[in-house]
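Novice: this one's structure only:
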């Protein structure tokens, strides 16, 4: 009778397996970091699974580790419900606000139109046009395409309000003193 020899995992083979496991885990972590960094918005676990093709259990572990890794320093991983976003530390938000409102992003005229909408929201587009002039139609179109404002049809005009993306984009908290009625 022939003796059956079962395969033996040598120390070298075990080391190779462990190195491959570590390499794949590092690669998965880098994918998640890249997705959070480039998105600039909150991503759900489903979004991250679809983008990275990472198992949800491993993904949750990676996100937990990234939250710890970025709990100090300039960058942060922020969790809101089951959504995640990479952002800069709150003490540097003033810097982002300066950069985001710079002349390269929005013209002074666009900034003034957006300020009117932000201050008086919800506001009829027709009122914005009366205050700022016909060029404001282009401004509103740009802000809507960037997702900074939302619009609801009201007869022949639109009711304009700031969107959640506005607050995320400019790193400011929503104001609680907006009235429910449309300002005219």
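Specialist: Ah, there it is. Keep in mind that this is a model prediction, so the values were computed, not measured.
Novice: the helices in this protein, which residues?
Specialist: With DSSP state H as the criterion, the chain has helices at 11-39, 45-52, 56-69, 93-100, 108-120, 125-132, 136-145, 164-170.
Novice: what residues go with each domain of the chain?
Specialist: Annotated domains of the chain cover 11-91, 102-170 [automatic domain parsing].
Novice: okay, how far is it across the longest one, tip to tip?
Specialist: Start to finish, the residues bounding domain 11-91 are 49 Å apart (Cα to Cα, to the nearest Å).
Novice: same deal with stretch 6-13?
Specialist: Stretch 6-13: ends 15 Å apart by Cα to Cα.
Novice: pLDDT on that stretch, on average?
Specialist: What stretch 6-13 shows for mean pLDDT is 79.
Novice: what residues does that stretch touch?
Specialist: residue 17 (Cβ atoms under 8 Å, 6 or more residues apart in numbering). Backbone N, C-alpha and C define where each C-beta goes, glycine included.
Novice: contacting residues for the residue most central in space within the chain?
Specialist: In the chain, the C-alpha nearest the mean C-alpha coordinate belongs to residue 41, at 0.8 Å (Cα atoms, centre = their mean). Neighbouring residues of residue 41 by Cβ under 8 Å, 6+ apart: 85, 165, 168.
Novice: Buried ones among those residues?
Specialist: By neighbour count, with 16 or more other Cβ atoms under 10 Å, these hold 85, 168 as buried.
Novice: So among the contacts of residue 41, where is pLDDT lowest?
Specialist: residue 168 (79).
Novice: Any figure for the gap between that residue and residue 111?
Specialist: 18 Å (Cβ to Cβ, to the nearest Å).
Novice: picking up where we left off before, model confidence score at the residue nearest to the centre of the chain, please.
Specialist: 83.
Novice: you'd agree residue 131 is up against residue 117?
Specialist: No. If you go by Cβ atoms under 8 Å, residue 131 and residue 117 don't touch, sitting 10.0 Å apart.
Novice: More neighbours: those two, which one.
Specialist: Under the criterion of other Cβ atoms under 10 Å, the comparison of residue 131 against residue 117 puts residue 117 first, with 25 against 14.
Novice: show me the contacts for that one.
Specialist: Per Cβ under 8 Å, 6+ apart, neighbours of residue 117: 123, 128, 140, 143, 149, 160-162.
Novice: Ok, which of the helices of the chain comes nearest residue 79?
Specialist: Ranking the helices of the chain by proximity to residue 79 (Cβ to Cβ) places helix 56-69 first, at 6.5 Å.
Novice: Please name the nearest non-neighbouring residue to residue 39.
Specialist: Sequence neighbours aside, residue 85 is the residue nearest to residue 39 in space, at 7.2 Å (criterion: Cβ to Cβ, 6 or more residues apart in numbering).
Novice: Tell me what that neighbour is bridged to.
Specialist: In this entry, residue 85 is beta-bridged to residue 78, by DSSP bridges.
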